[in-house]
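this is a predicted model, with the sequence first.
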Amino acid sequence: MARKYENYFLSEADGLRISALTVLPDQEPYRGVVQLVHGMSEFKERYLPFMEFLAQKGFASVIHDHRGHGKSVKSKADLGYMYGGGAEAMIRDIKTVNQGIHDKLPKLPVILMGHSMGSLAVRAFTRRYDDCIDMLIVCGSPSNNVARPVGTVIAHVEKALLGPHHRSKLLEGISFADYVRRFRHDKSCTAWICSDKEVADAYASSEYCGFTFTDDAYLALFELMKQAYDVKHWRCTNRDLPVLFVSGADDPCMGNVRQFAQAVQAMRTAGYLDVKGKLYPDMRHEILNEKEKDKVYRDIAAYIKMKGF
């Protein structure tokens, strides 16, 4: 059995108490450390099955609840509120976890992997700190949205008029209505999450999933997207960094195959020489939770091994 440890740290951005979870293999030496960064409106424990798989393969893994998510809140009423820290605080929290890994396990390679909103966050992090990781895995990435500037304006206006705690149904509708319509035949507003009905239903019924973002949080999300795709201002110091994009072919966040290819190409434009992309047929947004997730798990492990880790 893998060993699990939960701890808290104080965010360097504002002192917010951030919850983190570590899963360690039974035996040493470890092959490496996978630092996971979760998506929008979910929580870290949803990644335990994948973390336990990684432990079986000899990898330690670490994940934290983003501010405004899971246990990284002052109260449940604050789910979806970023406490004014924005994208900068989220990136600093990722850096704190990353630095902790290097401090405690300095000789091990670090693989940074982010899903959905987390995939934007890990690229925003890599944009500054690519010398702190040995591999980047981008999972379920939202494609660059040309309407992002408009969304940013709406969030600023709503925040000014209604306050930072205001939960924006307008932005939620703009962001997710097309996703829901695409799978309306499944008669569930969360069907776009995963083709496994049990997973989609569990997401819908969890108080820690699917909550509406505040305007404060949407501003953080839009800023992460801006930084993730702003390759002109990228600080690429590790050109040989392996970068892998993985996504479900039916993931509405991806948009379409052309947009997925553009996201992959953006990392090459940023200066990275080893960038690959893989799509999984018939899978939706959460490929780590799909019925055939074992294939995704194995493919990721095989890719890591192929790169010498």
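Arrived safely.

enumerate every residue touching P142.
The neighbours of P142, taking CB atoms under 8 Å, 6 or more residues apart in numbering as the test, are 116-117, 119-120, 225, 253-254. C-beta here means a position set from N, CA and C on the backbone, and glycine is covered the same way.

if you set the cut-off to 6 Å instead, what comes out?
Residues counted as contacts of P142 (CB atoms under 6 Å, 6 or more residues apart in numbering) are C253.

quick check, pLDDT for it.
P142 carries a pLDDT value of 93.

what's the helix or strand for it?
Using DSSP states H and E, P142 is not contained in any helix or strand.

over to F9?
Using DSSP H and E, the element containing F9 is strand 3-10.

what helices or strands is that strand leaning on?
The contact analysis (3 or more CB pairs under 6 Å, 6 or more residues apart in numbering; DSSP states H and E) places strand 3-10 against strand 17-24.

what mean pLDDT does the next helix or strand after the strand it packs on have?
Downstream of strand 17-24, the next assigned helix or strand under DSSP H and E is strand 32-37. The average pLDDT within strand 32-37 is 98.

show me what strand 32-37 packs onto, helices and strands only.
When contacts are defined as 3+ CB pairs under 6 Å, 6+ apart, strand 32-37 sits against strand 59-64, strand 110-115, helix 117-129.

C189 is nearest to which of those?
Closest to C189 of the helices and strands packed on strand 32-37 is helix 117-129 (CB to CB; 18.4 Å).

the residue of the chain positioned farthest from its centre sits in which helix or strand?
Here the chain reaches farthest from its C-alpha mean at L161, the gap being 30.0 Å by CA atoms, centre = their mean. L161 belongs to helix 148-162 when assigned by DSSP H and E.

how about that helix: buried residues?
Under the neighbour-count criterion of 16 or more other CB atoms under 10 Å, helix 148-162 has 148, 151-152, 154-155, 158-159 buried.

go on, stretch 19-35?
For stretch 19-35, the neighbour count (16+ other CB under 10 Å) marks 19-25, 30-35 as buried.

again, but for stretch 85-105
Buried positions in stretch 85-105, judged by neighbour count with 16+ other CB under 10 Å: 85-87, 89-91, 93-94, 96-98, 100-101, 105.

tell me which stretches of the stretch 101-250 of the chain form strands.
Remark: strands assigned in the stretch 101-250 of the chain by DSSP state E, counting those that start in this stretch are 110-115, 135-139, 242-248.

tilt between the first one and helix 117-129?
Think strand 110-115. Here strand 110-115 points in a direction 140 degrees away from that of helix 117-129 (axes from the mean of the first three to the mean of the last three CA atoms, to 10 degrees).

coming back round to it: pull the strand holding F9 out as CSV, backbone CA atoms only.
Extracted C-alpha coordinates of strand 3-10, given in CSV (Å, rounded to 0.1, in the frame of the first residue of the first chain):
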residue,chain,number,x,y,z
ARG,A,3,1.7,5.9,2.1
LYS,A,4,-0.4,9.1,2.2
TYR,A,5,0.4,12.3,4.0
GLU,A,6,-1.6,15.5,4.3
ASN,A,7,-0.1,18.7,5.4
TYR,A,8,-0.7,22.5,5.2
PHE,A,9,1.5,25.4,4.3
LEU,A,10,1.0,29.1,4.4
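
what mean pLDDT does that strand get?
The model assigns strand 3-10 a mean pLDDT of 95.

and D282, which of the three is it?
Judged by DSSP: H, G, I helix; E, B strand; the rest coil, the three-state class of D282 is coil.

now do it against G80, distance only.
Computed as CB to CB, to the nearest Å, the D282 to G80 distance reads 31 Å.

which of these two has more neighbours?
G80 (22 against 11; other CB atoms under 10 Å).

list the contacts of that one.
When contacts are counted by CB under 6 Å, 6+ apart, G80 touches 68, 211-214, 217.

mind checking which of the residues you listed are in helices?
Counting by DSSP state H, the part of these found in helices is A217.
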